[in-house]
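Student: here's my sequence, what's the structure:
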Amino acid sequence: MEPSKDSFTFVDSSQVNSAGMIKNVKVEIGECIIPVDFHAMDIKSGKTSPLLFVRAFMATVGAVCDLKRNKLCLTNVDETVFYDPMEKKKSEELISCIEMFEDPGPTADSNREPAIPESASVDIRIAASVDFQS
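Tutor: This next block holds a predicted model:
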């Protein structure tokens, strides 16, 4: 782990300092292995924080977010697979979870093409979820 002086401010105004950075962690998504850099954070026991993917990761995997249908597609991994965020149940201790399913393709009532990165209306600015400070 490499030292890091980065800090993060979350939407609830809480701040966490990076304990260090772990670089080139191989993350397997579908049939692809993608190198990702992670910050290790010291977060108080019992406090939950959602997993945040930053712009570099989203660009590497070609993420396309369909906000109307609440779906995420990683086009550089497999453009036929869509990820559907599952709502967290209050009784569960899950931080974040996604469900994977195959896209059934166009239906009789839907003649539109799947969204492509150029036509997607997605705001992936980090500031919307976390304020990154070096």
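Student: okay, and the helix or strand of this structure with the least pLDDT?
Tutor: Within the chain, no helix or strand scores below strand 130-133, which has a mean of 46 by mean pLDDT, DSSP states H and E.
Student: paired strands for the helix or strand where D37 lies, with orientation please.
Tutor: Taking DSSP states H and E as the criterion, D37 maps to strand 32-41. Here strand 32-41 has these sheet partners by DSSP bridges: strand 15-29 (antiparallel).
Student: rewinding a little: buried stuff in the strand holding D37?
Tutor: 34, 36, 38-39 (16 or more other CB atoms under 10 Å). All C-beta spots, glycine's among them, are computed from the backbone N, C-alpha and C.
Student: for that strand, what is the average pLDDT?
Tutor: For strand 32-41, the mean pLDDT works out to 77.
Student: send me that strand as PDB with only the CA atoms.
Tutor: Taking C-alpha atoms only, strand 32-41 is exported to PDB below (Å, rounded to 0.1, in the frame of the first residue of the first chain):
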ATOM      1  CA  CYS A  32     -13.000  -9.100 -18.100                       C
ATOM      2  CA  ILE A  33     -10.300  -8.300 -15.600                       C
ATOM      3  CA  ILE A  34      -9.800  -4.600 -15.100                       C
ATOM      4  CA  PRO A  35      -7.000  -3.000 -13.100                       C
ATOM      5  CA  VAL A  36      -8.400  -0.500 -10.500                       C
ATOM      6  CA  ASP A  37      -6.800   1.700  -7.900                       C
ATOM      7  CA  PHE A  38      -8.400   1.800  -4.500                       C
ATOM      8  CA  HIS A  39      -8.100   4.100  -1.500                       C
ATOM      9  CA  ALA A  40      -8.100   2.200   1.900                       C
ATOM     10  CA  MET A  41     -10.100   4.200   4.400                       C
END
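Student: right, I'll call it a day here.
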